[in-house]
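> Below are the sequence and a predicted model for it; my questions follow.
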Amino acid sequence: MLGAFRSALATPDLRKKILFVLGIIVVYRVGALLPSPGVSYPNVQKCIASVEQDGIYSLLNLFSGGALLQLSVFALGIMPYITASIIIQLLTVVIPRFEQLKKEGQAGQGKLTQYTRYLTIALAVLQATGIVALADRQQLFGDCRDANGAQVDIIPGDGIWTLIIIVITMTAGTAVIMWLGELITERGIGNGMSLLMFVNIAARIPFEGKIIWDKGPITFTVICLFGLAIIASVVFMEQGQRRIPVQYAKRMIGRRMYGGTSTYLPLKVNQAGVIPVIFASSLLYLPDLISRLIGGSQDSGWQRWIQQNLVQQNSWVHILVYFTLIIFFTYFYITITFNVNERAEEMRKFGGFIPGIRPGRPTSEYLSYVLSRITLPGSIYLGIIAILPNFFLSVTGSGNNQNFPFGGTAVLIMVGVGLDTVKQIESQLMQRNYEGFLR
């Protein structure tokens, strides 16, 4: 592996791409730590510890690399872009115009990307307005007071223009993040947005590691070994796939013979990626968010039930609902994104067939049968990895303000993005007759 790193850095164009990506990452992390104008940075630091691990903020704070509660320029992170991409992807099934653009190749994909950018800006305005409104109403950090018992003011100059400037700054920060991600995709290595997401999660590792280290060296060692075992199992499952053999018949086009080759259709065990976990997490936080926006006494029956069963991550109700939602959204997302009828029609159009299966409807039925069977272990695997932190908290009796760093969304994203980036570097090394990372 050290030889592969040396070969990658010794290749001029590949070294230039790697250094370019590292430079973009440095700029991104600086923006994540730069406070927005009008926000009192010392007061934010006084109050941030009280809600940093609160369930309603943990997912957004994860994707922003801790910048959300800092109220920095890049406070929204890439979450608006992720949400917009998922919405546009789902709308391609509902809106015929989007479905047509998807089939038009590169030109249509460019148009869908443009729509994703517009929707990202709109979502960024909404999210920034909500966060700033909560901070201005002293609800973002709860009842945060100084040593004298006075309420800590997060935004000292709380005039309307100050709030508007903060919203505009955060929205502009989201636009800059989109630009940085696209620069990495075009001129660097790997998918830009995925790498920025990877950086955000990696930035939280020292903070989480310090919490574990404070529990003692033995606990730290045991959890690290357990984490390595989880990462190894995730790598094994992410690489797993079912290869369906496909045979293409020979055919004459003009004076040339085409076809007659054998290939396969790969169906991954985790065909949906991390999207079902994001869906389930977001839906599970909605009741708490609605109760906060409605306000009122937190001692009312339904609000107390939400706090005890849906917000508390060590609650068995929370764990069971979370696990069930992940399985449901895995089937839902795969059904929408992988159209077996279209895939069977494409194979029939180009003269392809599965040995022993007739083209057309029998092929689509066979693909649906295989996909449904392979989705079940994939959804259970996603659910188990996602609830590991919650199960750990429940068994150990820990509170809600602690995190187990080797489970859930974090490890799935980091392993997935890491494997994808290594494969891209591997392919570029193989083009230059170098041995890569994966041997």
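Perfect, I can see it now.
> what kind of secondary structure is L265 in?
At L265 the chain is in strand, as set by DSSP: H, G, I helix; E, B strand; the rest coil.
> give me the number of residues near the residue nearest to it when sequence neighbours are not counted?
Nearest non-adjacent residue to L265, counting by Cβ to Cβ, 6 or more residues apart in numbering: I244, 4.4 Å away. For glycine as for every other residue, the C-beta is placed from the backbone atoms N, C-alpha and C. I244 is flanked by 18 other residues according to other Cβ atoms under 10 Å.
> roughly how far out does the strand or helix carrying I244 sit from the chain middle?
Assigned by DSSP states H and E, I244 falls within strand 241-248. Computed by Cα atoms, centre = their mean, to the nearest Å, the separation of strand 241-248 from the middle of its chain amounts to 29 Å.
> ok so, going back, so for the residue nearest to L265, what pLDDT did the model give?
With respect to pLDDT, I244 has a value of 86.
> can you list the domain ranges for this protein.
Annotated domains of the chain cover 15-204, 240-404 [automatic domain parsing].
> Which helix or strand in this structure has the lowest average pLDDT?
helix 55-63 (a mean of 61; mean pLDDT, DSSP states H and E).
> Using PDB, write out every CA atom in the helix or strand that that one is followed by.
Next in sequence after helix 55-63, counting helices and strands by DSSP H and E, comes helix 79-94. Presented in PDB, the C-alpha positions along helix 79-94 are these (Å, rounded to 0.1, in the frame of the first residue of the first chain):
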ATOM      1  CA  MET A  79     -27.400  18.800   3.800                       C
ATOM      2  CA  PRO A  80     -29.500  21.100   1.600                       C
ATOM      3  CA  TYR A  81     -27.700  19.700  -1.500                       C
ATOM      4  CA  ILE A  82     -28.300  16.100  -0.300                       C
ATOM      5  CA  THR A  83     -32.000  16.800   0.300                       C
ATOM      6  CA  ALA A  84     -32.400  18.500  -3.000                       C
ATOM      7  CA  SER A  85     -30.600  15.600  -4.800                       C
ATOM      8  CA  ILE A  86     -32.900  13.000  -3.200                       C
ATOM      9  CA  ILE A  87     -36.000  15.100  -4.000                       C
ATOM     10  CA  ILE A  88     -35.100  15.500  -7.700                       C
ATOM     11  CA  GLN A  89     -34.200  11.800  -7.900                       C
ATOM     12  CA  LEU A  90     -37.600  10.800  -6.500                       C
ATOM     13  CA  LEU A  91     -39.400  13.300  -8.700                       C
ATOM     14  CA  THR A  92     -38.000  11.600 -11.900                       C
ATOM     15  CA  VAL A  93     -40.400   8.800 -11.200                       C
ATOM     16  CA  VAL A  94     -43.400  11.100 -10.600                       C
END
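> Show me what helix 79-94 is packed up against.
Contact analysis of helix 79-94 by 3 or more Cβ pairs under 8 Å, 6 or more residues apart in numbering; DSSP states H and E lists helix 55-63, helix 96-103, helix 106-136, helix 160-187, helix 192-203, helix 275-294, helix 316-337 as its packing neighbours.
> Thank you, goodbye.
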